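*Asks:* After the sequence you'll find the predicted model.
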Amino acid sequence: MKIMVLGSGGREHALTCAFLKNRDVEKIYCVPGNGGTEDLEKCENVNLKTIDGIVRFCREKGIDLAMPGSEAALVKGIVDRLTEAGIKAFGPDRKAAMLEGSKAFAKDFMNKYGVRTAGYRSFSSYKDALGYLSECPFPAVIKADGLAAGKGVIICRRREEAEDALKLIMVDKHFGSSGDRVVIEEFLEGFEASIHCFFDGKTFLPLLSAKDHKKIGEGERGPNTGGMGVAAPNPGMTDELWEDFNKNILAPTKEGLLSEGLTFQGVIFFGVLVQNGRCYLLEYNMRMGDPETQGMLSLLDSDFTTLVTGTLSGKLENTELKWKEGCACCVVLASEGYPGTYRTGYEIKGITPDISSNIYMAGVQKKEGLPVTSGGRVLSVTAVGSNLEEARSLCYRDVEKISFKGKTFRKDIGL
Ligand code: AMP
Ligand code: GLY
């Protein structure tokens, strides 16, 4: 089997490693891949810049399945294009990808089908949005409608902050056309859980829950990032909460997808906030999380390639996933300054055979055979232990062994 993995993050490195565990996988093309995927046997990094180029390459090489990692290509309709060309692609078509690509669309969908979520209003007129601030309760959350790499959400304690946020998004166009519309949402307080469910068009198959740490600073302070680390399973996710999630989020979502003809073969990653023992859906993501993938796949004991091909052929019913006992802890090492500006090009030292954790590369390139930093999130260290405490201690032991100039990480992942 020949596979294409699209993307260049730690998630894509982990996906590639998971596919490679299956002996039927003869070749994986990583587009563009990174300094980690470059080193893997049977893997080749390929630089393809356009969807046309990707489709042509898949045809020429006889790719059996393509797995887009991130949301940008999905929203552009990469799955539609690959499917038209007869190539099996994991993920939503352009229409279903709007559940991630437009927050207003997603909220209207949740509202229509009774998926429990925070109260909201959406506006495409700056004047109307500004007017609404005089009646809206605070704190409030202001969100740019379109994709903004996880940065288009601003929590506003007071009305003045909300006015600034609206100006930034709708007038200054800080997030470009993603700010043509905004969602103004009720603020919820509690803990978050990342819940991924594979979807074959008829059946949902939940994976383990995960706990992402989104803020750059310890104690959840400072600006949002793509994710600084993960614990899996999420220690707060009880059986009662799973039941609540299934009833109030998953079931109505399924009903909505079927009624609206938004079915596809891929994954939905539900961004859930638990407030007072009730699950609320903050957002749909139509792809795997990064770094959730690194944490979850380290615990998966079933064959990942079989899971993906089963999803693509509509055969998830009666599938049961096997998971290793214990917990995973994944810590992201970032460049100093991330998620703002940062420098790159520093040599990464200490990735030696005595490291027992999985090291998944993200912003890493090879220079004269040596790994150097090339991005904001540089790499992630993922360890598995019999419980979270053990996973944390194994993980942080290996985190200490790796060094590069400006290495930045949180010491409280999993706490
Ligand atoms: P989103 O992209 O919608 O998931 O938002 C990114 C992050 O902003 C979430 O992971 C939460 O930490 C925070 N957030 C989003 N919506 C809300 C809300 N209604 N109340 C509190 N925090 C929120
Ligand atoms: N870790 C959050 C995300 O992938 O969106």
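*Replies:* Looks like it came in fine. Ligands and ions are numbered 1, 2, ... in the order given.
*Asks:* Can you tell me what sits against the lowest-mean-pLDDT helix or strand in the chain?
*Replies:* Ranking every helix and strand in the chain by mean pLDDT, DSSP states H and E puts strand 221-224 at the bottom, with a mean of 89. With contact meaning Cβ atoms under 8 Å, 6 or more residues apart in numbering, strand 221-224 is reached by Gly150, Lys151, Val153, Lys214, Lys215, Ile216, Pro339, Gly340. For glycine as for every other residue, the C-beta is placed from the backbone atoms N, C-alpha and C.
*Asks:* ok, which pair from those residues is furthest apart?
*Replies:* Val153 and Gly340 (16.5 Å; Cβ to Cβ).
*Asks:* about what we covered before: strand partners (parallel or antiparallel) of the least confident helix or strand of the chain?
*Replies:* strand 215-217 (antiparallel) (DSSP bridges).
*Asks:* pLDDT averaged over the partner strand - what is it?
*Replies:* Mean pLDDT, strand 215-217: 95.
*Asks:* List the residues that contact the residue nearest the centre of the chain.
*Replies:* By Cα atoms, centre = their mean, the chain has its centre lying nearest to Gly289, at 2.1 Å. Counting by Cβ under 8 Å, 6+ apart, Gly289 touches Arg11, Ser194, His196, Ala210, Asp212, Gly227, Val230, Phe269.
*Asks:* That one belongs to a helix, doesn't it?
*Replies:* No. Per DSSP: H, G, I helix; E, B strand; the rest coil, Gly289 lies outside any helix segment and is coil.
*Asks:* Quick check: the residue of the stretch 51-200 of the chain nearest ligand 2.
*Replies:* Residue nearest to ligand 2 within the stretch 51-200 of the chain (Cβ to the nearest ligand atom): Gly150, separated by 5.7 Å.
*Asks:* was I right about that residue contacting Lys215?
*Replies:* No. Applying Cβ atoms under 8 Å, one finds Gly150 not in contact with Lys215, separated by 11.0 Å.
*Asks:* Can you work out which residues contact both of these two?
*Replies:* Shared contacts of Gly150 and Lys215, counting by Cβ under 8 Å, 6+ apart, come down to Asn224, Thr225.
*Asks:* residues near Val46, how many?
*Replies:* By the measure other Cβ atoms under 10 Å, the count of residues near Val46 is 15.
*Asks:* whoops, Phe105 was the one
*Replies:* Using other Cβ under 10 Å: Phe105 sits among 18 other residues.
*Asks:* Enumerate the residues of this structure near ligand 1.
*Replies:* 118, 141, 143, 150, 153, 155, 185-188, 192, 214, 224, 271, 282-283 (Cβ under 6 Å from any ligand atom).
*Asks:* Confidence-wise, which of these comes last?
*Replies:* Out of these, that is Gly150, at 73.
*Asks:* how would you label that residue: helix, strand or coil?
*Replies:* With three-state DSSP as the basis, Gly150 sits in coil.
*Asks:* Return the list of helices and strands in contact with the helix or strand harbouring Ala210.
*Replies:* Element membership for Ala210 (DSSP states H and E) is strand 204-212. Applying 3 or more Cβ pairs under 8 Å, 6 or more residues apart in numbering; DSSP states H and E, one finds that strand 204-212 contacts strand 191-199, strand 229-232, helix 292-299.
*Asks:* which non-adjacent residue is nearest the residue of the chain most remote from its centre?
*Replies:* Residue farthest from the centre of the chain, counting by Cα atoms, centre = their mean, is Ser134 at 34.7 Å. Leaving out its chain neighbours, the residue that sits closest to Ser134 by Cβ to Cβ, 6 or more residues apart in numbering is Arg159, at 7.6 Å.
*Asks:* Need the phi and psi values for that neighbour.
*Replies:* phi -60, psi -40 (degrees, to the nearest 10).
*Asks:* The longest helix seen in the chain relative to strand 204-212, how many degrees between them?
*Replies:* Identified as the longest helix of the chain according to DSSP state H is helix 388-401. Helix 388-401 runs at 60 degrees relative to strand 204-212, counting by axes from the mean of the first three to the mean of the last three Cα atoms, to 10 degrees.
*Asks:* list the helices and strands helix 388-401 packs on?
*Replies:* Helix 388-401 packs on strand 229-232, strand 327-334, strand 377-385, going by 3+ Cβ pairs under 8 Å, 6+ apart.
*Asks:* ok, and for the shortest one, which residues are buried?
*Replies:* Spelled out, it's strand 229-232. Buried residues in strand 229-232, counting neighbours by 16 or more other Cβ atoms under 10 Å, are found at Gly229, Val230, Ala231, Ala232.
*Asks:* How many residues are close by Ser313?
*Replies:* 12.
*Asks:* what's the burial count for the residue lying closest to it once chain neighbours are set aside?
*Replies:* With sequence-adjacent residues excluded and distances taken as Cβ to Cβ, 6+ apart, Ser313 is closest to Asp200, at 7.7 Å. Per other Cβ under 10 Å, the neighbour tally for Asp200 reads 20.
*Asks:* which other residues reach stretch 63-70?
*Replies:* 1-7, 9, 11-12, 15, 19, 29, 54, 57-58, 74, 78-79, 82, 87-91, 287-288, 290, 308-309, 312.
*Asks:* got any ranges where the stretch 201-350 of the chain has weak pLDDT?
*Replies:* Within the stretch 201-350 of the chain, no range satisfies pLDDT under 70.
*Asks:* Mind checking the pLDDT average for stretch 169-177?
*Replies:* 94.
*Asks:* if I look at Thr309, how far off is Thr319?
*Replies:* Using Cβ to Cβ, to the nearest Å, we find Thr309 at a distance of 11 Å from Thr319.
*Asks:* out of the two, which sits in the more crowded spot?
*Replies:* Taking other Cβ under 10 Å, Thr309 and Thr319 do not tie; Thr309 has more neighbours (19 against 15).
*Asks:* The protein: helices as residue ranges?
*Replies:* Under DSSP H, the chain gives helices at 10-20, 51-61, 71-75, 78-84, 94-101, 103-113, 126-132, 159-166, 239-245, 251-260, 292-299, 304-312, 388-401.
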